[in-house]
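> show me how the following folds:
(one chain, ligands or ions: 1)
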Amino acid sequence: MLIGAHVSTAGGLLNAVQRGTEKGCEAIQIFNQSPRAWKPTAYTEEDFAAFKEAMADSKIQSVVIHMIYLINPAGSDRTLRRKSLASLTHAMRVGDAIDAAGVVIHPGALKGGEREPAKKRSAQMIADALSDSERCPALLENTAGNEALLGRDFAELGDLIDLAGGGARLGLCIDTCHLHASGYDVRSKAGVEALVDEMAADVGVNRLSYLHVNDSRDACGSNRDRHANIGEGEIGKGGFRAFLSEPRLQGTPAVLETPGPDGQGSDRAEVSLARRLWREGLRSRKQGASRK
Ligand SMILES: [Zn+2]
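Residues are numbered from 1 along each chain as shown. Okay, the predicted model is just below:
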């Protein structure tokens, strides 16, 4: 399993590779532009080439883009939809240019509207962004289970993927904090097995493309999305040993999006802790199997 973290691109795309390397990442997640402004960053072909060259020279084997939070694929306001689609399409094209594993997408907020029409709008925007880009996958992320957001369980994520056309470029990114907050048991082997079974039935394990590995400040089923540092929240070290060692998750890259020791994001020690918990989980499963 490739393990890494979300890293900043402040100062240019290339800096993300440097930061990822400093943190000991094998996978990184980036924003393709400032997450608080609509204005897209105008990267050049040289920027993309330099990024890919630096990636090839580093230990980082996978990069995924996270969409900016201003985008609401489910929204009904025309102006906001136009801006959202332009921004999402831009993210997908940057993904094409840097060979990203995908763009992680939040399916969207209802903003007081009805669920079914919102699902159709969200799926339509994702389908439009796919058709205006070449190759980069669209990875739908599960939420913490809040009723006002789309993507609260695997059944709904499966519906959204079907509504968006069900093509091969549609995938899934699952977040441990969000799973825990929405009521899934990510802390025991049996719980993780059950949730992966549900994912297999509703979406298909083959669509799983990325993992967000975050501890949760709140209790299981709280529907609150507050990330905690690995091992310092409700999921805990034992929970990550169980989750990260689940056999059907082994080919999937994982990135941390935690506050980090000083609120500046996950650091090298935390990335290495996640990797250690993954290895310990694998070892304990092997020992369990050999005792049978
Ligand atoms: Zn996200």
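> count the neighbours of the nearest residue to Asn72 once chain neighbours are set aside for me.
Closest residue to Asn72 apart from its sequence neighbours, by C-beta to C-beta, 6 or more residues apart in numbering: Gly108 at 4.9 Å. Where you see a C-beta, it was placed from the backbone N, CA and C, and this is true even at glycine. Number of residues near Gly108 (other C-beta atoms under 10 Å) recorded here: 25.
> next one: Glu22
11.
> one step back: surely the residue nearest to Asn72 and Ala148 touch.
No. The pair Gly108 / Ala148 is not scored as a contact, 10.0 Å apart, by C-beta atoms under 8 Å.
> ok, now which ones touch the residue nearest to Asn72?
Asn72, Pro73, Ala74, Gly75, Ala118, Arg121, Ser122, Leu149, Leu150 (C-beta atoms under 8 Å, 6 or more residues apart in numbering).
> mind doing that once more with 10 Å?
Applying C-beta atoms under 10 Å, 6 or more residues apart in numbering to Gly108 gives the contacts 71-75, 84, 118-119, 121-123, 125-126, 143, 148-151, 160.
> can you select the buried ones from those in PyMOL?
The PyMOL selection below is limited to those of these classed as buried (16 or more other C-beta atoms under 10 Å):
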select buried, resi 71+72+73+74+75+84+118+119+121+122+123+125+126+143+149+150+151+160
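> next, the nearest residue to Arg81 once chain neighbours are set aside: secondary structure please.
Among residues not flanking Arg81 along the chain, Gly75 sits closest, at 5.8 Å (C-beta to C-beta, 6+ apart). Secondary structure assignment for Gly75 (DSSP: H, G, I helix; E, B strand; the rest coil): coil.
> what separation do you get for Gly75 and Leu130?
18 Å (C-beta to C-beta, to the nearest Å).
> among the contacts of Gly108, which are in helices?
Ser84, Ala118, Lys119, Arg121, Ser122, Ala123, Met125, Ile126, Leu160 (DSSP state H).
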